[in-house]
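Enquirer: I need the structure of the sequence given here:
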Amino acid sequence: MAISGSSLRYHPSPDRNGPLRIRLHEVLRPGMGYRGAWATLRSEFAPLNPKRVHRLWKEQRLNVRPKVHKRRKGMPLPDRPTAPGQVWCLDFFHDACLNGTKLKILAVIDEFTRECLALEAHTSIKAPKVRSILSSLFASRGEPTYLRSDNGPEFVAHSLTVWLAMSGTQSRFIKPGSPWQNGIVESFNGKLRTEFLNAELFHNLADAQIKLRLFQHFYNEVRPHSSLGYLTPTTYRNITQKSKTKEELYS
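Expert: The predicted structure is shown next:
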């Protein structure tokens, strides 16, 4: 029959990539690339090569066309943090519920650890509410050296400025029309929009607040961050604080 003996006796080996293919579909979320999937699954399938994930990613047609962002070049911003808790950045963004309720969401990010410190949603957030949110964070995290934000009326209000000065925190406002000067929180807002807001529906304000709190936990505790060496923000903060403590002990 013109069939070689090796072909006749050959028994195909089981597909070692079967479980990995299943897990890739389970961890897939909007905006995720193969590197994010590799960082999420590398401990579960160790040792896991990024090239193996990339091959399966393309094979399953999970690849997303990357966006090309133009990088602005210029003078570096002052007051760059060198440790957790030095610089926090703030910004607002908006969404809506199915019942027509308009949402205004305040995000507070630690620039050094990329940790989301607050993700508060309300129908209206003015300067007194911003002060209340920051006051709670100051009590639990301590006062940062600087707060970076735009020139919105909620941030430049006289009552908030005076309160921050009494707390020992200075405001650092970006130039009008220059959102790239607050790039850390802008990057977070883009991830939140792509990975969460565009994929979720909110029935009402309470539903939005609960889901935002769950996303905050996921972002800080579970989601690996490429700029942190694919560590989670909470893990990176813990490592940094331990390193700082050791330096203080041996100094």
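
Enquirer: in the chain, mark out all the helices, start to finish.
Expert: Secondary structure of the chain (DSSP state H): helices at 5-9, 18-27, 34-41, 50-59, 127-141, 153-156, 158-167, 183-192, 205-221, 233-250.

Enquirer: those: lowest mean pLDDT?
Expert: Looking at those, the lowest mean pLDDT belongs to helix 5-9 (a mean of 75).

Enquirer: so how far is that one off the chain centroid?
Expert: Relative to its chain's centre, helix 5-9 lies at 54 Å (C-alpha atoms, centre = their mean, to the nearest Å).

Enquirer: change the start of the numbering to 696 and stick with it
Expert: Okay, using 696 as the starting number, the last item reads as helix 700-704.

Enquirer: just the C-alphas of that helix, formatted as CSV.
Expert: C-alpha atoms of helix 700-704 as CSV (Å, rounded to 0.1, in the frame of the first residue of the first chain):
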residue,chain,number,x,y,z
GLY,A,700,6.0,1.4,8.9
SER,A,701,6.7,4.5,11.0
SER,A,702,3.6,6.2,9.7
LEU,A,703,1.5,3.1,10.2
ARG,A,704,2.6,2.7,13.9
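
Enquirer: OK, contacts around L785?
Expert: Residues near L785 by C-beta atoms under 8 Å, 6 or more residues apart in numbering: L801, A802, V803, I804, V825, L842, R843, S844, F850, V880. In short, each C-beta sits where N, CA and C put it, glycine included.

Enquirer: against I820, how distant is E849?
Expert: 7 Å (C-beta to C-beta, to the nearest Å).

Enquirer: shared neighbours, the two?
Expert: Common neighbours of E849 and I820 (C-beta under 8 Å, 6+ apart) are F787.

Enquirer: count of residues packed around the closest residue to S862 other than its chain neighbours?
Expert: Among residues not flanking S862 along the chain, E838 sits closest, at 5.2 Å (C-beta to C-beta, 6 or more residues apart in numbering). For E838, the count of nearby residues is 15 (other C-beta atoms under 10 Å).

Enquirer: how about the one 4 residues further on?
Expert: Neighbour count of L842, defined by other C-beta under 10 Å: 21.

Enquirer: for it, give me its contacts.
Expert: Here L842 is in contact with V782, W783, C784, L785, L829, F850, L859, T864, Q865, S866, R867 (C-beta under 8 Å, 6+ apart).

Enquirer: if the third one is in a bridge, with which residues?
Expert: In other words, C784. For C784, the beta-bridge partners under DSSP bridges are I804, R843.

Enquirer: run through the residues that contact it.
Expert: By C-beta under 8 Å, 6+ apart, the contact set of C784 is V803, I804, E806, L842, R843, S844, N877, I879, V880.

Enquirer: now swap in the first one and tell me
Expert: If a contact means C-beta under 8 Å, 6+ apart, then V782 has D774, R775, P776, D805, E806, F807, P839, T840, Y841, L842, R843, R867 as its contacts.

Enquirer: please pick the buried ones from those residues.
Expert: Using 16 or more other C-beta atoms under 10 Å as the burial test, the contacts of V782 include P776, D805, E806, F807, P839, Y841, L842, R843, R867 as buried.

Enquirer: measure K870 to I820 for me?
Expert: For K870, the distance to I820 - C-beta to C-beta - is 23 Å.

Enquirer: who has more neighbours out of those two?
Expert: I820 (18 against 10).

Enquirer: show me what contacts the nearest residue to that one once chain neighbours are set aside?
Expert: The shortest distance from I820 to any non-neighbouring residue, by C-beta to C-beta, 6+ apart, is to K799 (5.0 Å). When contacts are counted by C-beta under 8 Å, 6+ apart, K799 is found next to F787, H789, A816, H817, T818, S819, I820.

Enquirer: now do 7 Å
Expert: F787, H789, H817, T818, S819, I820 (C-beta atoms under 7 Å, 6 or more residues apart in numbering).

Enquirer: show me which of the residues you listed are buried.
Expert: Looks like these have F787, H817, I820 buried, using 16+ other C-beta under 10 Å.
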